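**Student:** no sequence on this one, just coordinates:
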């Protein structure tokens with residue numbers, strides 16, 4: 001305890017928030033901001049636009065399709081009680097209502113998202129929510145494990161490695177074409193981003209500045 005008091009007194013004399021602390025603070029905030037971006041990224045990268053069944057013989061492709069209000073589409077897709085097209089069902093040759101096997105998406109606002117790439121709609125829509133759950137599982141795992149590791153090997157070491165791995169995985173995740181690999185990448189982004197970079201960086205910043213600068 002005496003060592004802590006001596007350190008606090010020494011920092012008060014040397015300066016509680018100088019250029020060195022400012023540089024460290026900026027680097028740690030930068031890493032924390034990128035972790036936050038990954039945390040919120042599913043709002044856009046996994047956005048689910050308006051969609052309907054792909055109708056064989058009427059639609060040419062999911063990019064070149066018949067207008068949704070055409071008579072052919074209205075005859076092939078049932079309506080909801082609200083009067084809108086059913087997003088997940090269509091009529092088969094016997095006029096029975098069946099689930100969609102492929103989809104057409106409204107690309108007015110989103111040209112391409114993970115939900116479009118992997119058809120995370122209708123009975124598969126829950127798979128999109130799992131991506132956020134997996135990331136938060138990574139945050140929880142990192143908070144439990146990396147804190148103890150930082151006490152043993154040093155917060156700076158854990159912070160630097162976590163920031164580097166977050167950068168590498170954050171770039172790589174944009175090129176992953178397959179769902180389960182994407183889930184694994186999201187887990188490690190939570191582990192090294194929000195837990196490794198943000199939490200370790202926050203504690204490290206608190207230890208580097210003087211007592212009067214630790215509160216807003």
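**Tutor:** Noted; the coordinates are in hand. Quick caveat, the model's predicted, so the values are computed rather than measured.
**Student:** in the protein, where is pLDDT below threshold?
**Tutor:** Applying pLDDT under 70 to the chain flags residues 1-16, 61-66, 210-216.
**Student:** chain neighbours aside, what residue packs nearest to residue 201?
**Tutor:** Ranked by CB to CB, 6 or more residues apart in numbering and with sequence neighbours excluded, the top spatial neighbour of residue 201 is residue 28, at 3.4 Å. (C-beta placed from N, C-alpha, C; glycine too.)
**Student:** and the one you found, its phi and psi?
**Tutor:** phi -70, psi -30 (degrees, to the nearest 10).
**Student:** show me the contacts for it.
**Tutor:** 159, 197, 201, 202, 204, 205 (CB atoms under 8 Å, 6 or more residues apart in numbering).
**Student:** ok, so of these, who is nearest residue 49?
**Tutor:** residue 197 (31.9 Å; CB to CB).
**Student:** now do the contacts for the closest one.
**Tutor:** Counted by CB under 8 Å, 6+ apart, residue 197 has contacts 28, 31, 32, 34, 35, 159, 162, 163, 166.
**Student:** which residue packs closest to the second one, ignoring adjacent ones?
**Tutor:** This points to residue 31. residue 197 (4.1 Å).
**Student:** secondary structure class for that neighbour?
**Tutor:** Following DSSP: H, G, I helix; E, B strand; the rest coil, we place residue 197 in the helix state.
**Student:** gap between it and residue 32?
**Tutor:** 6 Å (CB to CB, to the nearest Å).
**Student:** what about the strands in this protein?
**Tutor:** For the chain, the strands defined by DSSP state E cover 51-53, 89-91, 97-99, 103-105.
**Student:** most tightly surrounded among those strands?
**Tutor:** strand 51-53 (a mean of 23; mean count of other CB atoms under 10 Å).
**Student:** so what secondary structure elements neighbour that one?
**Tutor:** strand 89-91, strand 103-105 (3 or more CB pairs under 8 Å, 6 or more residues apart in numbering; DSSP states H and E).
**Student:** what packs against the longest helix out of those in the chain?
**Tutor:** When the chain is parsed with DSSP state H, its longest helix is helix 126-153. Helices and strands touching helix 126-153, as assessed by 3+ CB pairs under 8 Å, 6+ apart, comprise helix 42-45, helix 114-118, helix 155-172, helix 179-189, helix 200-208.
**Student:** this protein - how does it break down into domains?
**Tutor:** The chain is divided into the following domains under automatic domain parsing: 2-45+126-213, 51-106.
**Student:** would you mind finding the most buried of the ones you listed?
**Tutor:** It is domain 2-45+126-213: most buried of the domains of the chain by mean count of other CB under 10 Å, with a mean of 16.
**Student:** so can I have JSON lines of the strands of the chain showing distance to residue 78?
**Tutor:** Putting the strands of the chain into JSON lines (distance: least, CB to CB, whole Å) gives the following:
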{"stretch": "strand 51-53", "distance to residue 78": "10"}
{"stretch": "strand 89-91", "distance to residue 78": "6"}
{"stretch": "strand 97-99", "distance to residue 78": "6"}
{"stretch": "strand 103-105", "distance to residue 78": "15"}
